[in-house]
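>>> please find the sequence and the predicted model below.
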Amino acid sequence: MNQGGGNTQTVPPLDPNSIENRYGVNGSQVQISPYQYSTGSDGASWTTHKVDNQVVQNGNYSSSNYYHPQPTVATVPATGNVQETPNTASFSSSSTSGTANTSQDYSGYTPYQTSSDPPQNYSNTGYSSYYSGYQQQQPSQSSYPQPVGAYQNTGAPYQPISSFQNPGSYAGTPSYSGTYYNPADYQTTGGYQTTNYSNQTAGGYQNTNYSNQTPTTNQGNYTSNPYQNYTHDTTNSHSSTVAATTTPVHYQQNYQQWPDYYSQTEVPCAPGTEKLPAPSAVSQSFPVPGVTNEMPASNGQPVPSYAQPWRQETNLSQPPSQQPAAAVSASNDAYWMHQTQNQQAHYPVPPQNHYQSPLETKPLHKTPFQGHQRTTYPQEMNSQSSVHQAPLGYRQPTQTTPSVDTQRVSKVQIPTNPRIASNLPSGYTKMDKGSSAAGAIKTPAYVSVSMPKPKSHATAVPEPGTLPKSLCGFVERAFARCKDDKENASCQAALKKVIADARDDGTLHTRDWDTEPLSTVLNTDVTNTESSSTLISSLQNKSPTKRPKSRWEPLVEKPFVKAAPAFSSGVKFGGWNQQNQNNKKSFESFQKADAVTDSKPTYSWQNSAKKSFQRPVKRQRFSGGASNAIDDEASSDSDKDLTPSAMSFATSAEETKRRDSRSKRFEKVQGHSRRNEIPRPMNPNVGNLHSRRGTALRPGEDFDENGCRSVEDIDWNALTVKGTCQEIEKRYFRLTSAPDPSAVRPEDVLEKALLMVQDSQKNYLYKCDQLKSIRQDLTVQRIHNHLTVKVYETHARLALEAGDLPEYNQCLSQLKILYGEGIEGCSLEFAAYSLLYITLHSNNNRELLSSMSRLSKEAKKDEAVRHALSVRAAVTSGNYVMFFRLYKTAPNMNSFLMDLYVEKMRYKAVTVMSRSCRPTIPVSYLAYVLGFTDDMEVCSEWLKAHGASLIADSNGDMLLDTKASTTSLFMPEPEDAVAHGDKNLDVNDFFTRTS
Amino acid sequence: MAYVSMGEAHRRITEYLNRFCGAVSYQDSPMLCRLLSFSSNSPSLLSLADALNVFQDASSLIRQSDKFSEYGEILAHLFRSLQSYRVGNLVEAYLAFENFANAFVQEFRNWESAWALEALYVVCYEIRILAEKADKELTSNGKSPEKLKAAGSLLMKVFGVLADPYLVFFFLKLYGKGPKRVGALYVTCQLFKTYFKLGTVNLCRSVIRSIETARIFDYEEFPRRDKVTYMYYTGRLEVFNENFPAADTKLSYALQHCNPKRERNIRMILKYLIPVKLSLGIIPKDELLQKYNLHEYMNVVQALRKGDLRLLRHALQEHEDRFLRSGVYLVLEKLELQVYQRLMKKIYIIQKLSDPARAHQLKLEVIAKALRWLEIDMDLDEVECIMTILIYKNLVKGYLAHKSKVVVLSKQDPFPKLNGKPVGS
């Protein structure tokens, strides 16, 4: 695996996907540049321009880098992976940048958007995914210079996929890029995610991203941050002002422009043919291997050109990207280049969003946007080199339209589950154009609540803007009748159904809502609990997660329902489709990097569609549930990434496979719900996809169920075996099937085995393994006698000795049962252990009391028990002197249990003493009192490690300065702590066990 | 067992059936309660049980009439339980009663109003008592007692029925009367009793949570009797958690609102309230202890007054079993620190008498000597340890000079009073 950032980065042009990305960038860029221009005109005086310049330079620089490396790549037999790596890199970066944009945009923008957008609520993922999708989409368009209609057609079949992919695709990116590409990149994504959550400013975000890569960059970012922020703000304000001036009219203009764009796209594309336009310029500079020729060319072109516009943009919205570029070294530059491009691509997106929503209060971007489009040409020309100019014209048209579409669609899509896909078509056909994303944006349907409810989307209630006024009144009346939450909830459910029905049969706008009887909505609940509950449940079939919340928070929900996506306009739809395709592609590229070697990216996604199922499905499920899931994903990915670079590609691939299989387990459930969830008729294509998935999942499901059944039906009595194995040594293996008598040792052999273990000089792990296998053999043969007790006692003692509390607890609970059956053993010894364990580790007073009251008079006379009782007394009273005296005189293995508490007790003691004693305490005394066995060195080390302040007196004796220590004492993190909290799962132990 | 003729048996059974159906149809809750209350050992029930044992085919009698057969399932189980109960086969009786209770709860669920709430109480009570008896029988037979556990889950089911927000709402809306939820606290208290007996106190938490957080419950709406019981048990739980201020408020509430004539109940509350108050530095009067026969606390209180550590330890040892079982042992044990404080104060006062100028310096040696007089042998290290803890817990103000082995007391209020705050706060 080539991890060198430079190499991989240079490689990119080879991959068709990457090319596509760039294309997308181009398109976006065009938009952006105008945007900048407008802003520039307004705020020409901005200091940010400086930055821009620098950035520009960098961009150029980087671009050159970019080009140079390519030849090397060509010479080197690049594996599929390598080729793809660039892609992934670009993707990930793009996605991140996209998110950054969004976050910025939103923050500056409006509460509405964020709130209205389900995706935001859900997670960053949504955004990122759709951004990436957006980029990808553009390439596809470029590659296919076809009429919009044609696009739509192609897209249609893939809608379902896209719906899945949206959530998933993003997440997929980071992990893959991380594994295949380079850790830095990977982590970037991780950082990105977090940033999205916390930081809205792009600066913060980027810092996190790149921190891994180069510290210098980071610093640069940081320093620049405030500045960037500032610029960002200004842009926002600026835009807002513009918005004020602008009016819905503008919006409409834009809107109307779309068709124009489309036509434009068509025209330029057609003449050039897919491959022609871009390559001309690029091909010169880069001799790229055959198939992808055009692609790389196109790629190369965009890069330089973008850098410039991008920077200008950065001033506006994304400052961070600029700075990093400046600071980065050449190798980094290449990397950055990608990013910048991507970012640029993204950048245009937000404005589009605004633009899309006509109703919205914020047409901020709209106006600039429009201006841009006109200005685009000149700007690009300026910024870009002559080489690029040629392609520019062709690109421009393409980008704008698709991007807009995608955005809308994506927005709607992201939050929705796969179900949306099914719903979408219907919504599309039935809704009028008027109902647009704007509605969704406008309505304050945020709240985390919205997240678990894809249902609302599914029902696809038109947003208020498009709803007839009378219907709103109807809804209001209905809710006014509700007296409490419960009624609200049921009423709401009923309302949803009524509205959905009305929409389905097309009477939404024709029906007279003013005269509509409220009884249909209100009665259900009170009179007929059963029916209403079923109604709810039936509604919930579409979104099972929704229910619990809805009951108590119906009010929140209501607006949300209305906000439900109106992804109706044909244009959008087309965009959506395209996006889907793109998403798939991206997916594919990430997941199946190996497979993607296809020269034709456009087809690749089709192939990959199947593969991409699993992952998206899983993602979706999580994204529906909580954005946290994504974080988890990221973190787990990061774990992977953090593993030594030595980790081979193969292993990581294996890992991914395993993950996939793991995720399949969840799919089963998912599959169920999904099948239930598609009550509506849908596009045949959609259906096709669904059914395909269904069939794919079913076998596994059946298998699973069979498995469960078989386990439950096992007659354990029949499985009681009489062992015949004569081997004394046997490794523990958790049974996955009925025990084989030939592998089970009979009692006499087990006895020998126990002796063997007791006499063994090997380490605990070996002994534990052996004892577990002995225990297993005892269990399957149902042997409950002194031998069993002995085995468990032996194991419990060994576990204590090794500090293996989980294993010890297992043994102890078994021992309690065995003693309860009246089998002789060292019950008093273990009574003492359990007493100590409760006192020192479980800290449960009630348990302690009951176990104390269970002790018999004789038991209390036992030395071990008495010792345990006095330890308890010392601990409850905090008498450390007593504790450490008892520690030294502990019988049996009591001291091993106390061992685990010594640290706490010492810390407590030192805290108490430093609070109470003045002015000093000699360390020698502490060492004596705290059971350091007079070893002053160890004691003072320990004290230092816990933040105590030590001073030396005139004799050179160490003293504890109590006053200073009072505030400085702390409990250090245990050094041997492992992330998962179980030391026994430590990787080193694992190796010792397996080797 | 007195001989009962076949005809007499038939008459008694039909009479019972008639009464039962009458009670249900007229919603006569007290009558229904009487008909279900096994543990009252009422003569009529006993005679019915005799009759049932004679007249074996009671179920055919039930089936004869439409009126009876409507409640056929309930009655059949009830009769079987009564039969076994009378014969002394408590496990059988419990099992049959459990079936009966399930059927009854199902029926109760469907009744429109909560008229039968009292009867449900009786069922809940009876099932718990029967389960306890059955467990006793099981243990005496050397089998593992598990009926109380089963009763616990059944009570939980009843609680679910009563607390079902949907049902509560349903009845409130439809009939505007008799929400059954007020019964939830009674069932909760029965659950508490069950869980405390079983030692599965942690199971109480879920019930408490639903009682205290669910919106459908208005605490004031519950009957006072149940509120007192509830507060008593939750107060006990707080004692386990050593959350003394909370335990104080809850138990005090129970004490204030319980029936003052029920001395046994008051005593039960005081059993926990006194240790709680003691650990908050509030010492009860001897009269109180005497009045409610709480002699086990006498010496403890005395030790606290005098600063007599030996007395405290003796008292704890003497009643160890009792304190351990009631769960106040650890609480009382923690009083030791307050006894130490008292002892220090005594020493301080004595020193003040002899040498006021140096009174605020307590030599560890002196303290050790005082403890030796109490026949408690401690070396200086341990004394020092105790003193640091006292200072740390703010029972003594001052500092300990390690080098000179002297506790230097603060000139102002060297022994601050707890005044209702727990030690160490």
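Perfect, thanks for sending it.
>>> what's the neighbour count on the closest residue to residue A:969 other than its chain neighbours?
What sits nearest to residue A:969 in space, not counting adjacent residues and going by Cβ to Cβ, 6 or more residues apart in numbering or on different chains, is residue A:947, at 4.9 Å. For the C-beta atoms, the positions are set from N, CA and C on the backbone; glycine is no exception. Residues near residue A:947, counting by other Cβ atoms under 10 Å in any protein chain shown, number 15.
>>> distance of residue A:947 from residue A:967?
Per Cβ to Cβ, to the nearest Å, residue A:947 is found 9 Å from residue A:967.
>>> looks to me like residue A:921 is in a strand.
Yes. Secondary structure assignment places residue A:921 in a strand (DSSP: H, G, I helix; E, B strand; the rest coil).
>>> so the residue nearest to residue A:969 touches residue A:961, yeah?
No. Counting by Cβ atoms under 8 Å, residue A:961 is not a contact partner of residue A:947; they are 11.6 Å apart.
>>> close to chain A: what parts of the stretch 201-350 of chain B are there?
Contact residues (Cβ under 8 Å from any Cβ of the partner chain) of the stretch 201-350 of chain B with chain A: B:201, B:215, B:240-242, B:321, B:324-325, B:327, B:329-330, B:333-334, B:336-337.
>>> got a list of what residue A:949 touches?
Taking Cβ atoms under 8 Å, 6 or more residues apart in numbering or on different chains, we find residue A:949 in contact with A:960, A:961, A:964, A:965, A:968.
>>> what's the distance between it and chain B?
16 Å (Cβ to the nearest Cβ, to the nearest Å).
>>> please spell out which residues along stretch B:88-105 are buried.
Of all the residues in stretch B:88-105, those buried under the rule 16 or more other Cβ atoms under 10 Å in any protein chain shown are B:89-105.
>>> cross the residues you listed against helices and list the overlap.
Of those, the ones assigned to helices by DSSP state H are B:90-105.
>>> just give me the closest of the residues you listed to chain A.
Nearest to chain A out of those is residue B:105 (Cβ to the nearest Cβ; 17.7 Å).
>>> show me what contacts that closest one?
B:120, B:123, B:157, B:158, B:161.
>>> what about the last one, neighbour count?
Applying other Cβ under 10 Å, we find 19 residues neighbouring residue B:161.
>>> wait, it touches residue B:109, no?
Yes. Under the criterion of Cβ under 8 Å, residue B:161 makes contact with residue B:109 at 5.4 Å.
>>> got the contacts of residue A:949 as JSON lines, with distance to chain B, neighbour count and secondary structure columns?
Listed next are these as JSON lines, based on distance: Cβ to the nearest Cβ, whole Å; neighbours: other Cβ atoms under 10 Å in any protein chain shown; DSSP: H, G, I helix; E, B strand; the rest coil:
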{"residue": "A:960", "distance to chain B": "9", "neighbour count": "25", "secondary structure": "strand"}
{"residue": "A:961", "distance to chain B": "12", "neighbour count": "17", "secondary structure": "strand"}
{"residue": "A:964", "distance to chain B": "15", "neighbour count": "17", "secondary structure": "helix"}
{"residue": "A:965", "distance to chain B": "13", "neighbour count": "23", "secondary structure": "helix"}
{"residue": "A:968", "distance to chain B": "17", "neighbour count": "12", "secondary structure": "helix"}
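>>> next up, the contacts around the residue nearest to residue A:969.
Per Cβ under 8 Å, 6+ apart, neighbours of residue A:947: A:965, A:968, A:969, A:970, A:972.
>>> how close does it get to residue B:116?
Residue A:947 is 66 Å from residue B:116, by Cβ to Cβ.
>>> and what of residue A:833?
Residue A:833 is 52 Å from residue B:116, by Cβ to Cβ.
>>> likewise residue A:829?
55 Å.
>>> check residue A:733 too.
58 Å.
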